[in-house]
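> Provided below for reference: sequence and predicted model.
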Amino acid sequence: MSDPSDRLRLRVVTPRRSLVDADVESVSLPGIDGQIGILPGHRPMMSALGRGAIEYRYGGRDESHEVEGGYAEIHPNRVLVFTRLAE
């Protein structure tokens, strides 16, 4: 059984729906200045997002969604993303 402290709660919200709401192992976000890698225990920060892929490791497999803009609120144990899906 895994330790809860080695997970992040990832929530990705778009104008139309909640896209992701899961405990994940890692997250990579498309920041406006490049990719932002996030692991449990990351220092708190806010970031604007550009166009690219939100990638995350969930249940031992990699998942991704193409997004366009928005922002992310990052905490040591959770990541909240408001964005739009890319066309």
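Received it, and whenever you're ready, just let me know what you need.
> What mean pLDDT does stretch 27-45 get?
When pLDDT is averaged along stretch 27-45, the result is 96.
> Ok, stretch 51-58 next?
96.
> and that stretch, how far from the chain's centre?
7 Å (CA atoms, centre = their mean, to the nearest Å).
> Look up how far E87 lies from the residue positioned nearest the centre of the chain.
Centroid-nearest residue in the chain, with CA atoms, centre = their mean: V27, separated by 4.9 Å. As judged by CB to CB, to the nearest Å, V27 and E87 stand 23 Å apart. In this view, the C-beta of every residue, glycine as well, is placed from N, C-alpha and C.
> same check, this time on R78
From R78 across to E87, the span is 28 Å (CB to CB).
> between the two, who's got more neighbours?
Neighbour count, other CB atoms under 10 Å: between R78 and E87, R78 has more, with 15 against 5.
> Grab the nearest non-local neighbour of that one.
In this structure, R78 finds its nearest non-sequential neighbour in R9, 4.2 Å apart by CB to CB, 6 or more residues apart in numbering.
> hang on, L8 packs against L29?
No: with contact defined as CB atoms under 8 Å, L8 does not reach L29; the gap is 11.7 Å.
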